[in-house]
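>>> here's a sequence, model it:
(2 chains)
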Amino acid sequence: MNLDSSPDETRFREEVRDWLADNVPAGPRPAEGPEMLAFDQAWQRKQFDAGWAGIAWPAEYGGRGLPLTQQLIWHEEYARAEAPPAGLFFIALNHAGPTLMARGDEAQKQHHLPLILRGETAWCQGFSEPGAGSDLASLETRARIDGDHLVVSGSKIWTSGAQHATYQELLVRTNPDAPKHRGITWVIGDMRLPGIEVRPIMTMEGRAQFCQVFYDDVRIPLTHVVGDVDDGWRVAMATLGFERGTAALADQIELSRVVEELIELATRTSAPDGRRPAIKDDAIASTLAGLRADVAALRAMSYVSISKGARNDVPGSEGTIIALFNTELRRRIFAAAMEILGPQALDRSDENARWVSLYLNSFSKTISAGTSEIRRNIISQRVLGLPVS
Amino acid sequence: MGGLTEIVFGMDLLPTAEQEQIAAAAKRFLAAELPVGRLGDEAARDATSLPALADLGWLAICLDEAVGGSGGSLIEEQIVFREAGRALVSPVLLATVLGAKMAAHADDLVAGSQLAAGSRSAAFAIPLGPVDLARPQGEFLLIDGDMASDWIIWSAEGMALVSDATWDSRAVSGLDNSLPHARARFVGGKVAALALGDDPLVSEAHLLNAALMLGASRAALDMALDYVKLREQFSRPIGSFQAVQHRCADCLVRSEAAQALIDFASVSIDRRRADAGFQARAARIVASKAGFGNAAANIQLHGAMGFTAQCDAHWFQKRMHVLDQLGGSLRLQETALLERPAA
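So this is what the prediction gives:
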């Protein structure tokens, strides 16, 4: 075990810190609408122009190809600088891009990867359906082959950012007669094609963060299939592997900062009895200390995961363990904010309303990209070796 | 805002092959010599095993060679303590190792060498009220101290190594009935060494205690897993039910979180990084939640059998309560962590 920095790494950290200090957008990220897309595009473009786009992507695809330790330094400094999230480019950078690199053909890579890195095309993820959530492989959006096209009919749902995306990772059923995991195809869906209708869905937080997407005989060229027809499940699992690997690292590191902000909030907000700062309330103090310890553990788990990645480069089952810990921890962190804010939390025009939004949004964390229940199933069956029920 | 300490690295938080061998050897030795089943046996007393543990080098892993040390690091030491935690080895192991470190640090090479060799041993005297470590007074609980010649008084403020102590004591029955307990008034003795506040020895003590708790959490989970894979109800193993599986998954997550942070904190303390005190206490907090959480889950998953004295599950729960009182309970650790600057 070793944590020592090399002189190269120290120099790299200084370079990153200096660039971020000069370039992180000053204003807040718009919470919705075309302004949000424009903001995310501009920030991605700025990183691209300075050579910071795709730090984990290999150089042959226009990325920086940084070793894991330097990626980690980047993410740490990124969090420290309070740089904005990848936002609408998260799927493109962390799912779609890596999937194309792994399974796409030359034409697909040449066309899409530069567009993603330059911040031109946001992607969304067309996986879940009204009848296929945790049981994703039961998806029913149908694609029949007609000449050199797929003709897609059906519906996807809970598609984050669909109203802003140019492309979609689309899973469709090409063979309804095959076993359910074997008749699925992964195809690049152009969101501008005729026959696609996007209907935003209001979340409990009060914004249309995700959508239902309807497909009415949408014709997609077969050249847009990634991997082989009917082999889309394996392609999709690779994508989920990325998500559960290092992609969430920045979020995990950033969570340390969130807890420190929460501690600050508790020092300038009154305790429930109104007679002292909230942080002097024993129960709140106990909660905050527990959260501080838990985010420290989350960071350490990330570092262990990276150490494993550095040794064998295959994201293992530890990704699911970290994801479960991370998402459940987020729920507790933002619930603590509500406890600290007390009655102020009821007023969403209050200056602290951001915490209320984060709290409301936190309910999605233990549902999206795998519910806590599914994650516990995976851990108990694949890691602990308990019998499948 | 600042707040994030630089962490990085030529980073590798995984054990080396040699460290893995140390852990495997310790696990083998303890499974053979000190199985958890021994705890119900009146005759079994871990303090008598200290010389054997000393022969393995466990009491002197990161001591100087001047006091018989092997020049290892806290990283190897916590790996061994994790295994000792699995076997619920008596806290006299931790007390004696801390005593040797404190004596060596205070340049008492004779006491340091003797403690490191297991030819004398230390035990914990848990204060039952506020205590001035430089001038101890008042009531204590002595844990497994029948053979001890030295005492560790460890409060939230720090640790004192006390030699030649005289106690006005009477044996009492302990919550952890595998360990002799005595209730004692401190009559007199010599404070041979002190480690206060952010002294690295205090961080090491918290870290090693956390490693004991982590080991207990792992062993409790392993015991539960063995049982739920075999025990059948409704014509199938109870481990096939999701309600049981999810409880087990949560146990693993707690242990993994504790282990990652203990590994990280051990490197941080070893390198004398600025965040060492923070990470050590955070590790102590996360480990105690793993230990308590998994011990209780193990009892629950064993059903009525788990509630019996005959089943070993209760030992993990009881020992966690003892470990949690070393250096101040979880609640005091939380207060201490919150008072620190961010790491």
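>>> and residue A:215, how far from chain B?
Separation of residue A:215 from chain B (Cβ to the nearest Cβ, to the nearest Å): 34 Å. In this view, the C-beta of every residue, glycine as well, is placed from N, C-alpha and C.
>>> quick one: contacts of the helix or strand that residue falls within?
In this structure, residue A:215 sits in strand A:210-221 according to DSSP states H and E. Here strand A:210-221 makes contact (Cβ atoms under 8 Å, 6 or more residues apart in numbering or on different chains) with A:126, A:130, A:141, A:143, A:146, A:148-163, A:168, A:170, A:187-190, A:193-201, A:203.
>>> so what are the sheet partners of that strand and their directions?
strand A:149-160 (antiparallel), strand A:196-201 (antiparallel) (DSSP bridges).
>>> start and end of stretch A:164-178, how far apart?
The first residue of stretch A:164-178 is 34 Å away from its last residue (Cα to Cα, to the nearest Å).
>>> what do you get for stretch A:50-69?
Stretch A:50-69 has an end-to-end distance of 20 Å (criterion: Cα to Cα).
>>> near chain B at all, that stretch?
Yes: contact of stretch A:50-69 with chain B (Cβ under 8 Å from any Cβ of the partner chain) involves A:68-69.
>>> same question for the longest helix belonging to chain B, mean pLDDT?
Counting by DSSP state H, the longest helix found in chain B is helix B:200-230. Average pLDDT, helix B:200-230: 98.
>>> stretch A:123-135 now?
For stretch A:123-135, mean pLDDT rounds to 96.
>>> quick check: end-to-end length of that stretch?
First-to-last distance for stretch A:123-135 - Cα to Cα - comes to 23 Å.
>>> could I get the buried residue list for it?
The neighbour-count check on stretch A:123-135 (16 or more other Cβ atoms under 10 Å in any protein chain shown) flags A:123-129, A:132-133 as buried.
>>> want to throw the residues you listed into a markdown table with secondary structure and distance to chain B?
Output for these, formatted as a markdown table (DSSP: H, G, I helix; E, B strand; the rest coil; distance: Cβ to the nearest Cβ, whole Å):
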| residue | secondary structure | distance to chain B |
| --- | --- | --- |
| A:123 | strand | 30 |
| A:124 | strand | 30 |
| A:125 | strand | 25 |
| A:126 | strand | 29 |
| A:127 | coil | 23 |
| A:128 | coil | 21 |
| A:129 | strand | 24 |
| A:132 | strand | 20 |
| A:133 | coil | 17 |
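>>> so what's residue B:6 scoring on pLDDT?
pLDDT for residue B:6: 41.
>>> kindly report the same for residue A:350.
For residue A:350, the pLDDT comes out at 85.
>>> and for residue A:242?
For residue A:242, pLDDT reads 58.
>>> neighbours around the nearest residue to residue B:169 once chain neighbours are set aside, how many?
What sits nearest to residue B:169 in space, not counting adjacent residues and going by Cβ to Cβ, 6 or more residues apart in numbering or on different chains, is residue B:184, at 3.5 Å. Residues lying near residue B:184 (other Cβ atoms under 10 Å in any protein chain shown) number 23.
>>> got phi/psi on residue B:184?
phi -140, psi 140 (degrees, to the nearest 10).
>>> okay, it: pLDDT?
pLDDT at residue B:184 comes out at 98.
>>> got the contact list for the helix or strand that the strand holding residue A:215 is followed by?
Downstream of strand A:210-221, the first helix or strand assigned by DSSP H and E is strand A:225-226. Applying Cβ under 8 Å, 6+ apart, the contact partners of strand A:225-226 are A:99-100, A:103-105, A:108, A:150, A:185-188, A:232, A:235.
>>> tell me the buried residues in the helix or strand residue A:376 falls within?
For residue A:376, the element it lies in under DSSP H and E is helix A:372-378. Judged by neighbour count (16+ other Cβ under 10 Å), helix A:372-378 contains these buried residues: A:372, A:374-378.
>>> could you do stretch B:23-33 as well?
By 16+ other Cβ under 10 Å, the buried positions in stretch B:23-33 come out as B:26-27, B:29-30.
>>> same check, this time on stretch A:103-122
Buried, per 16+ other Cβ under 10 Å, within stretch A:103-122: A:103-104, A:108-109, A:112-122.
>>> what residues does the stretch 1-150 of chain A have near chain B?
Counting by Cβ under 8 Å from any Cβ, the positions of the stretch 1-150 of chain A adjacent to chain B are A:1-6, A:9, A:13, A:68-69, A:72-73, A:76, A:79-80, A:82.
>>> how far off centre is stretch A:377-385?
Centroid separation for stretch A:377-385 versus its chain: 23 Å, with Cα atoms, centre = their mean, to the nearest Å.
>>> can you give me the helices for the chain?
Here I'm looking at chain A. According to DSSP H, the helices that chain A contains are A:7-23, A:33-49, A:68-80, A:90-91, A:97-103, A:106-117, A:232-244, A:249-268, A:282-312, A:318-341, A:353-362, A:372-378.
>>> my bad, the chain I had in mind was chain B
For chain B, the helices defined by DSSP H cover B:17-33, B:50-55, B:74-86, B:92-105, B:109-117, B:200-230, B:242-270, B:276-301, B:313-324, B:330-338.
>>> just the pLDDT for the closest residue in space to residue B:37 that isn't next to it in sequence.
Counting by Cβ to Cβ, 6+ apart, residue B:37 lies nearest to residue B:312, which is 6.2 Å off, once chain neighbours are set aside. Looking at residue B:312, its pLDDT reads 97.
>>> returning to that earlier point: which among the helices of chain B is found nearest to residue B:142?
If you check each of the helices of chain B against residue B:142 by Cβ to Cβ, helix B:92-105 wins as the nearest, at 10.5 Å.
>>> that closest one packs against which elements?
helix B:50-55, helix B:74-86, helix B:109-117, strand B:122-127, strand B:150-155, strand B:158-172, strand B:181-196, helix B:200-230 (3 or more Cβ pairs under 8 Å, 6 or more residues apart in numbering or on different chains; DSSP states H and E).
>>> need the ones you listed in JSON lines (columns: distance to residue A:207).
Shown next, in JSON lines, are these (distance: least, Cβ to Cβ, whole Å):
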{"stretch": "helix B:50-55", "distance to residue A:207": "61"}
{"stretch": "helix B:74-86", "distance to residue A:207": "46"}
{"stretch": "helix B:109-117", "distance to residue A:207": "63"}
{"stretch": "strand B:122-127", "distance to residue A:207": "54"}
{"stretch": "strand B:150-155", "distance to residue A:207": "51"}
{"stretch": "strand B:158-172", "distance to residue A:207": "51"}
{"stretch": "strand B:181-196", "distance to residue A:207": "52"}
{"stretch": "helix B:200-230", "distance to residue A:207": "41"}
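>>> out of those, which gets nearest to residue A:385?
Among the helices and strands packed on helix B:92-105, the nearest to residue A:385 by Cβ to Cβ is helix B:200-230 (7.7 Å).
>>> separation between the residue in chain B sticking out farthest from the centre and chain A?
The C-alpha centroid of chain B is most remote from residue B:235, which lies 40.2 Å away (Cα atoms, centre = their mean). To chain A, residue B:235 is 13 Å away according to Cβ to the nearest Cβ.
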